[in-house]
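Asks: please find the sequence and the predicted model below.
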Amino acid sequence: MGLFGDDERQDARLDALEGHIRTLTEALHSNQVDTATCRAAVLRLQAQVDQKISAEDVDPALAAFNDDLRAARKAVDESTQAASQSWAKLQEGVNEALESLRKSLNRASERLEQEAS
């Protein structure tokens, strides 16, 4: 006896589910084969391109651009380091100013309490 008392209907549903799973599995395997084929084709093309041309052959300006880009990255790194150092000094000054303000507020609060008593 089936789970819900209808063996035939349950068997038909299980058969349908198994059919869907088989179809999905076949599609997955087909996609895996297609993906492997595409990857092999890309690798063959990459090998051919690497043998045929270099970046300088495509555009001589590309080499100059790479040099400029390298210099720009170096300048950005230096700027980042300088900004970090400046930020640390600024943060230290802000912390000192806030601490001074807190002390002044405490003194003022104490004076007000003394005058009120």
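Replies: Sure thing, it's come through. Here the structure is a predicted model, which is why all the values come from computation and not from measurement. Numbering: from 1, shown residues only.
Asks: CA atoms for contacts and neighbours, from now on please.
Replies: Will do.
Asks: tell me where this structure has helices.
Replies: 7-52, 55-58, 60-116 (DSSP state H).
Asks: and those helices, which one's lowest on average pLDDT?
Replies: Across these, helix 55-58 has the smallest mean pLDDT, namely a mean of 64.
Asks: what's the distance between residue 98 and residue 91?
Replies: Relative to residue 91, residue 98 is positioned 10 Å away (CA to CA, to the nearest Å).
Asks: then residue 6?
Replies: Distance, residue 6 to residue 91, by CA to CA: 75 Å.
Asks: what do you get for residue 72?
Replies: For residue 72, the distance to residue 91 - CA to CA - is 28 Å.
Asks: how does the chain divide into domains?
Replies: As assigned by automatic domain parsing, the chain contains the domains 1-52, 55-117.
Asks: adding mean neighbour count, write those domains out as JSON lines.
Replies: Output for the domains of the chain, formatted as JSON lines (neighbours: other CA atoms under 10 Å):
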{"stretch": "domain 1-52", "mean neighbour count": "11"}
{"stretch": "domain 55-117", "mean neighbour count": "12"}
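Asks: could you dump stretch 40-55 to CSV, C-alpha only?
Replies: Provided in CSV are the C-alpha atoms of stretch 40-55 (Å, rounded to 0.1, in the frame of the first residue of the first chain):
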residue,chain,number,x,y,z
ALA,A,40,39.9,23.1,-25.1
ALA,A,41,39.1,25.4,-28.1
VAL,A,42,39.9,28.5,-26.1
LEU,A,43,43.2,27.0,-24.9
ARG,A,44,44.1,26.2,-28.5
LEU,A,45,43.3,29.7,-29.6
GLN,A,46,45.2,31.2,-26.7
ALA,A,47,48.3,29.2,-27.7
GLN,A,48,48.0,30.3,-31.3
VAL,A,49,47.6,34.0,-30.3
ASP,A,50,50.5,33.8,-27.9
GLN,A,51,52.7,32.5,-30.7
LYS,A,52,51.6,35.0,-33.4
ILE,A,53,51.5,38.4,-31.7
SER,A,54,52.7,40.3,-28.8
ALA,A,55,51.3,43.4,-27.1
